[in-house]
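A.B. asks: Got a predicted structure plus its sequence, pasted below:
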Amino acid sequence: MATVHEMDHPLIKHKLALMRDKTTGVKEFREAAAEIAMLMCYEATRDLPLKEITIETPVAEARVQVISGKKIALVPILRAGLGMVEGILEMIPAAKVGHIGLYRNPETLQPIEYYCKLPNDIEDRDVLLLDPMLAIAAIDGLKRRGVKHIKLMNLIGAPEGVAAVQKAHPDVEIFVAGIDEKLNDHGYIVPGLGDAGDRIFGTK
């Protein structure tokens with residue numbers, strides 16, 4: 001079963017509280033999303049392999065550890081996942097970025113893919129799939145395109161969503177800033193933080 005990492009860092013909890021507050025403005029909401037993503041990236045990349053090299057410091061020769069050429073791709077789900085990209089690129093500036101567009105059928109509540117643009121070598125990369133909420137359809141789409149190593153990074157999730165991802169994709173690790181109470185009858189997370197895309201981009 002997929003491992004779930006619910007973040008317990010005080011900075012993440014504080015910034016997530018700001019995002020939940022309906023009085024938080026667009027600028028502050030957007031900044032908090034990027035900052036939480038940056039902090040979560042620290043945990044999600046904890047298992048990156050290292051290699052030892054020799055360098056010269058201003059004082060002497062030193063053996064140091066560097067990341068051993070691991071290729072990473074960030075794949076935000078449009079639109080709201082875009083709010084998480086900047087923070088992670090601050091940590092991993094060499095990562096390539098793909099995009100997946102999904103919308104939810106208002107009657108069935110099922111996600112429908114309408115856009116997908118990925119790096120040509122996506123099959124050879126470890127993918128961080130970015131979305132404020134859980135999205136099984138995006139994982140399905142990445143796997144259809146040959147992606148073998150996926151970590152899911154979400155701002156919030158509901159127990160139902162976490163369980164669904166674990167059942168459908170037991171090989172995908174989940175990193176989430178907070179797990180909320182439930183999904184309501186309209187498929188929205190409660191208490192949630194509202195429509196993340198609208199709040200990041202100032203739309204209705």
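C.D. replies: Perfect, I can see it now.

A.B. asks: Buried ones in the lowest-mean-pLDDT helix or strand in the chain, by neighbour count?
C.D. replies: Least confident helix or strand, the chain: strand 99-104 with a mean of 89, by mean pLDDT, DSSP states H and E. Along strand 99-104, these residues count as buried under the neighbour rule (16 or more other Cβ atoms under 10 Å): 99, 100, 102. C-betas here are computed from N, CA, C, even on glycine.

A.B. asks: which residues touch that strand?
C.D. replies: The contact list for strand 99-104 (Cβ atoms under 8 Å, 6 or more residues apart in numbering) reads 75-78, 110-118, 135, 137-138, 141-142, 187.

A.B. asks: Just the residues contacting the lengthiest helix in the chain, thanks.
C.D. replies: In the chain, assigned by DSSP state H, the helix with the most residues is helix 26-44. Here helix 26-44 makes contact (Cβ under 8 Å, 6+ apart) with 5, 7, 9, 11-12, 15-16, 18-19, 24, 83-88, 90-92, 128, 130, 132, 151, 153, 155, 173, 175, 177, 196, 199-202.

A.B. asks: now do 6 Å
C.D. replies: 11-12, 15, 18-19, 83-84, 86-88, 90-91, 151, 153, 175, 177, 199-200, 202 (Cβ atoms under 6 Å, 6 or more residues apart in numbering).

A.B. asks: Tell me the strands beside the helix or strand following that helix, with direction?
C.D. replies: Per DSSP states H and E, the first helix or strand lying C-terminal to helix 26-44 is strand 50-56. Applying DSSP bridges, strand 50-56 is found paired with strand 61-67 (antiparallel).

A.B. asks: Any idea how far the partner strand is from the middle of the chain?
C.D. replies: From the chain centre to the centre of strand 61-67 is a distance of 29 Å (Cα atoms, centre = their mean, to the nearest Å).

A.B. asks: Could I get the buried residue list for it?
C.D. replies: Buried positions in strand 61-67, judged by neighbour count with 16+ other Cβ under 10 Å: none.

A.B. asks: Dump that strand to CSV, restricted to CA.
C.D. replies: C-alpha atoms of strand 61-67 as CSV (Å, rounded to 0.1, in the frame of the first residue of the first chain):
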residue,chain,number,x,y,z
GLU,A,61,40.8,19.4,-0.6
ALA,A,62,37.5,17.9,0.6
ARG,A,63,35.4,14.9,-0.1
VAL,A,64,31.8,16.0,-0.5
GLN,A,65,28.4,14.5,-1.4
VAL,A,66,26.3,15.7,-4.4
ILE,A,67,23.1,14.4,-6.0
